[in-house]
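Colleague: Sequence and predicted structure are below.
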Amino acid sequence: MTLFLILSATVLGLAASVAFYLGAPSQRLLERRLALPVSLGAGGVLTVISLVLYLQVCGPAASVFILMTVIMGAWSGLPFLMTVVKPGRSRRT
């Protein structure tokens, strides 16, 4: 059960990161960026749900630290992943 909670929280944290990323002006995953209220709303809800799941397993400080590490890792990796997946597209920021 603990492993399921941790994996679910991690997947939701990654989904929150992608939702936040899709609202950025320089994102490369979609042709047009996602509307900012939709991006922030979806990312915020997914972040809160992920934090609640982490709180079931860890303490409050550890839960916040783990979630922020997951989000930071996804935000760092997504731009590099998009340059590998879609190398022909160039964008000016």
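Modeller: Yes, it's here.
Colleague: State the distance from Q27 to A74.
Modeller: Per CB to CB, to the nearest Å, Q27 is found 13 Å from A74. Backbone N, C-alpha and C define where each C-beta goes, glycine included.
Colleague: Could you do L51 as well?
Modeller: On the measure of CB to CB, L51 and A74 end up 15 Å apart.
Colleague: again with L12
Modeller: Per CB to CB, L12 is found 11 Å from A74.
Colleague: Which residue of these two possesses the greater neighbour count?
Modeller: Using other CB atoms under 10 Å as the criterion, L12 and A74 rank with L12 on top: 22 against 19.
Colleague: How about that one: what's its closest non-neighbour residue?
Modeller: S50 (3.9 Å; CB to CB, 6 or more residues apart in numbering).
Colleague: Equivalent analysis for A16, please.
Modeller: L46 (3.6 Å).
Colleague: what are the phi and psi values for that neighbour?
Modeller: Note on L46: backbone dihedrals following degrees, to the nearest 10 are phi -60, psi -40.
Colleague: Check the gap between it and T83 for me.
Modeller: Distance of L46 to T83, given as CB to CB: 25 Å.
Colleague: Residue nearest the middle of this structure, spatially speaking?
Modeller: With distances taken as CA atoms, centre = their mean, S17 lies nearest the centre of the chain, 1.2 Å away.
Colleague: per-residue pLDDT, that one?
Modeller: What the model reports as pLDDT for S17 is 95.
Colleague: before we move on, what SS does it have?
Modeller: Three-state assignment for S17 (DSSP: H, G, I helix; E, B strand; the rest coil): helix.
Colleague: can you pull the contacts of it?
Modeller: By CB atoms under 8 Å, 6 or more residues apart in numbering, the contact set of S17 is 43, 70-71, 74-75, 78.
Colleague: Let's see that with 7 Å instead.
Modeller: By CB atoms under 7 Å, 6 or more residues apart in numbering, S17 lies in contact with 71, 74-75.
Colleague: In JSON lines, list those residues along with distance to L22.
Modeller: Shown next, in JSON lines, are the contacts of S17 (distance: CB to CB, whole Å):
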{"residue": "I71", "distance to L22": "14"}
{"residue": "A74", "distance to L22": "12"}
{"residue": "W75", "distance to L22": "12"}
